[in-house]
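**Student:** sequence and computational prediction follow.
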Amino acid sequence: MTDNDHNSHSAIDPTALPSFDTMPNVATMETSHVNKDQPPFILVDGSYYLFRTYHALPPMTTTQGLHTNAVRGTLNALLKLMRRYHPTHMAVAFDTKAPTFRHQLSADYKAGRPPMDKELSQQISYIHRLVTALGLPLLRIEGAEADDIIGTLAQRAVAEGHHVVISTGDKDMAQLVNDCVILEDSFTGKITDRAAVIDKFGVAPEQMIDYLTLMGDSSDGIKGVPGIGKKTAETLLTKYGNIGNILAHVDDIKGRAGKNLVEYADDIPMNAQLATIVTDLEIGQDWEDLRINTDPSAYIDELRALYSELEFKNELASLDHPNHPANAQGVAASQAATESQAQIAKSVQSTKIDNIKNSKQHDKAWHTVLDMPAFDSLVARLEAAPYFVIDTETTSVHWREAEIVGVSLALEAHEAYYIPLTHDLADDPLTDKQLDRDTVLARLKPILENHNIGKIGQHLKYDTHVLSHYGIDLLGHPHAPEASAAKYPNNWAMDTMLASYVINAAVTRHGMDDLARHYLHTQTITYEDVAGKGAKQVTFNQVAIDIASDYACEDADVTLQLFELFNDKLKDDANNAKLLHQLEIPTAQILCNMEADGILIKRSFLNELSKRFDEEIIALEARAHDIAGDAFNVGSPKQLGEVLFDKLGVIGGKKTKSGQYSTSEAVLSKIDHPLVDVVLEYRSLSKLKSTYTDALDAVSDKDTDRVHTSYHQALTSTGRLSSTDPNLQNIPIRTATGRLIRQAFIAPPERVIVAADYSQIELRLMAHFSGDETLTRAFNEGLDIHTATAAEVLGKAVDEVSATERRNAKAINFGLLYGMSAFGLAKQLQMGRNEAQDYIDMYFNRYPKVKQYMIDTRASAYEHGYVQTLLGRKLYTPDINSSNRMVKQAAERAAINAPLQGSAADIIKLAMIAVDKVLPKDHAKMLLQVHDELVFEVDQDKVDEISTLIQNAMQDVLTRTAADCGWDIEFAVPLLVETDSGHNWDEAH
DNA sequence: GCATCATCTTA
DNA sequence: GTAAGATGATGCG
């Protein structure tokens, strides 16, 4: 390293920088010659593991006082890599203390770094010796950083036909990623391929240098351009591709960013040079020098001596064990090759798809339909198709206000059509060529409504809403005949979002971009890519038709590819197929109707409440200021904490994790002070006003006075639904004032509200799953379960149980469902941890099979990585093997709760299907689902009859509906449903 | 303007 | 101790 002309960002006129796609950059290397059948070349960023593990791991010392945590952490990373990849060649690179060309270039470079702790520096020589003793090539070059050694060797290895895994957690290295080079952080386990770079930073690997140059890096002392942070850097690079092009268009860039780009343009070349990893260092070692030494006799004595000095007892013992990686080079080499190949294949696939951010060219047959002959022939193909993908493009993500802008369709993978209908971008030459919306929809209507032609879509509930605004009733459920012989009970269409959700709810989110990334290793064009974001985002009708067409065609194309992939997966898992076709898709169809119907609210009443609450809030605020002796924002936890604990000197201030006082209800209610009562009342009323009385009125339809929520069916980890815009699953009920909100949910004239809820469904599931006789008997005898629990645990008769005893038993019962700890129970019951533990011990003593259930459930999570619900839904528990104790224990509690909560979710979905089937639609509507409750509006003169109908359908769901849908279930206790009715939801509950 | 925290509402 | 969503305040850019 003698001069600085090794990279393309030399100190020249920045506007003359070559465009990035011609830069000699690792990320853009030619890689077709690379052989991926061999194990990868592993390049380890030793300095990264040194620092990372030193700071992340708890201090450890030998009996001599030698600190060893960084040695251990780095060793573990190395062993993990060797076990995983069984490499033949490897290099472990470290920084040296000597200054590098970057220090000469900039006085600020890494200037802000504090000196290294003595506890860390004393470990460095041990790590170096350990690397060598493991037979691994160690590289330290004066004047070069580990990054540069790695950059150089990565480039050289790829040029010589090897694929590469760079083991690091340093984001700067992302500039080295390409289809043969991936990053792996062996400390966190995170793998970063090309798609992951795009996902994480919003720019491609070949743009990373420019990204870092613009944004700067405070930890390295690279300044960047002031006013450009990660968001602006991402936006600019997405729009202009590279810095050269950004500077060429600097006049178009508004605001601080544009001004500073001009002002600081002279600094850019230097910053670029600091950010660029060198790839042409002089390194003496050739390929053979980087071969791992597999001859144990060469180093085993040194290794033994080191382990023994470091007091690594297990490692010392394992040296004599044949499976130690140090003794097992080449063992299971074929297995290693397969594993690493899979990793690399993922990265390769992800690069095959063009990223719109860099290039809009594509080799796919994506068509924009702009004339009648083209539309006619498309219609002919659709009419003859067994199934096709449909996706609507609209003006809004909210189904209620969405107007159709275009329709995309796909019949085969890698081919798609977009029919633009109502784009109206003024200077788009294609605007006037669009076909007439109503003509097109009229032609499509019979096809979309033909249930013999299968329809496939991503999140079809949305498209169904949109199409229904235009009088089209989407139907058609494509059967994969070989998937299952079962006859599907409905004709609604197949949904890839729901397929993904039943297959594995936890592995990814289920939006199309997420699914494409996870299952197809493709970065799709996002809505923000075509329409912008934030305040400047435009609606889809304002997107140019050629760009819109790429986006829309890709959506349809990707959906079809996902359909084919999921269909294959479902063929291998008949129960997942059943969950999708018999449970989720029918539920989606019902939810669609419930959302569209909405529930009536009494707006005048809500407005009155708002006014009343407001008056009281103002009075309470004045009183609070009076007590405090000063005006402050009562709604600010921060200000309240300061007033209460600092100014007024109240004792009992606990801090939250961010260092401010906690003023939560749990803390305040323990404090005896006049201000506390005022604040709690203030909080309660302002919560009710802002979240409920104001918000519900605001979102209601002003013509019909109905509110329409959106149910999310592919979101929770357990199979429950969630509800947003507004959330109608958390309407108050516990306090009298809160219940006033419920009273605003009413039925239209001549109708009443009917609510039907499952009684203690999760505890009944606990009885069923555990098989505990005592618990089962209590339900079979129809006892009050909390009283029965108290009587059982305390050895009393049921009628001798006091209110407090029942309350404690209730807390235990809830604790059971939540994976209870003594700590949590103690907090809930405001008692000592030992006392809580005694309660738990007494409980398990009386209910031994419940205890066993909890043990078995944990074991199942460890063994399979998932737990299952009553209907066999697999709920994955990815954190169960976390090395973080807290995370792992949280995962255990979630694993215990998941089958119970998830089975209850299965049951109520079955109930919705069962009720929907028998409900007389002219006289009643199902309106809401609140986890264990269904809410209806029912003709007043048919309340008794229909309530009984609903109750029976819900109670018999496991004996009848489950069987109809293909599940054979013997349930240990009866399901009990309670129904009630009234003029509003409060009265009905 | 956007993200995060603290708080509070439900099953 | 499980699972969610909405809000106002606050801090960053």
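**Tutor:** Looks like it arrived, so ask away.
**Student:** only C-alpha atoms from now on, for both contacts and neighbour counts.
**Tutor:** Will do.
**Student:** neighbours of A:Gln940, how many?
**Tutor:** 20 (other Cα atoms under 10 Å).
**Student:** next up, the contacts around the nearest residue to it once chain neighbours are set aside.
**Tutor:** By the measure of Cα to Cα, 6 or more residues apart in numbering, the closest residue to A:Gln940 outside its immediate chain neighbours is A:Arg751, 4.6 Å from it. By Cα atoms under 8 Å, 6 or more residues apart in numbering, the contact set of A:Arg751 is A:Glu937, A:Val938, A:Asp939, A:Gln940, A:His983.
**Student:** what's the answer for A:Leu183, then?
**Tutor:** Residues near A:Leu183 by Cα under 8 Å, 6+ apart: A:Val165, A:Ile166, A:Ser167, A:Thr168, A:Gly169, A:Met173, A:Ala174, A:Val177, A:Ile191, A:Thr192, A:Asp193.
**Student:** quick check: mean pLDDT of the host helix or strand of it?
**Tutor:** Take DSSP states H and E as the rule and A:Leu183 turns out to sit in strand A:181-184. For strand A:181-184, mean pLDDT is 90.
**Student:** quick one, what contacts the residue in chain A that DNA strand C sits nearest to?
**Tutor:** The minimum distance from chain A to DNA strand C, using Cα to the nearest atom of the strand, falls at A:Met820 (2.8 Å). By Cα under 8 Å, 6+ apart, A:Met820 lies in contact with A:Ile812, A:Arg893.
**Student:** again, only using 10 Å
**Tutor:** By Cα atoms under 10 Å, 6 or more residues apart in numbering, the residues touching A:Met820 are A:Ala811, A:Ile812, A:Asn813, A:Phe814, A:Ile840, A:Met854, A:Arg893, A:Ile896, A:Asn897.
**Student:** then A:Gly865?
**Tutor:** By Cα under 10 Å, 6+ apart, A:Gly865 lies in contact with A:Arg858, A:Ala859, A:Lys874, A:Leu875, A:Tyr876, A:Thr877, A:Pro878, A:Asp879, A:Ile880, A:Asn881, A:Ala895.
**Student:** now A:Ile969
**Tutor:** A:Leu870, A:Leu871, A:Leu958, A:Thr959, A:Arg960, A:Ala962, A:Ala963.
**Student:** A:Thr959 too?
**Tutor:** With contact taken as Cα under 10 Å, 6+ apart, A:Thr959 is in contact with A:Trp967, A:Asp968, A:Ile969, A:Glu970, A:Phe971.
**Student:** and those residues, which are buried?
**Tutor:** A:Trp967 (16 or more other Cα atoms under 10 Å).
**Student:** can you add secondary structure, distance to DNA strand B and pLDDT and give the contacts of A:Thr959 back as a markdown table?
**Tutor:** Below are these laid out as a markdown table (DSSP: H, G, I helix; E, B strand; the rest coil; distance: Cα to the nearest atom of the strand, whole Å; pLDDT from 0 to 100):
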| residue | secondary structure | distance to DNA strand B | pLDDT |
| --- | --- | --- | --- |
| A:Trp967 | coil | 24 | 95 |
| A:Asp968 | coil | 25 | 95 |
| A:Ile969 | coil | 22 | 97 |
| A:Glu970 | coil | 23 | 97 |
| A:Phe971 | coil | 20 | 98 |
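**Student:** could you identify the most distant pair in the contacts of A:Arg751?
**Tutor:** Farthest pair in the contacts of A:Arg751 (Cα to Cα) is A:Asp939 and A:His983. Separation: 11.4 Å.
**Student:** write out the residues of the stretch 701-850 of chain A neighbouring DNA strand C.
**Tutor:** A:712, A:715-718, A:722-727, A:730, A:811-812, A:814-825, A:828 (Cα under 7 Å from any atom of the strand).
**Student:** repeat that with 6 Å
**Tutor:** A:716-718, A:722-727, A:811-812, A:814-815, A:818-821, A:823-825, A:828 (Cα under 6 Å from any atom of the strand).
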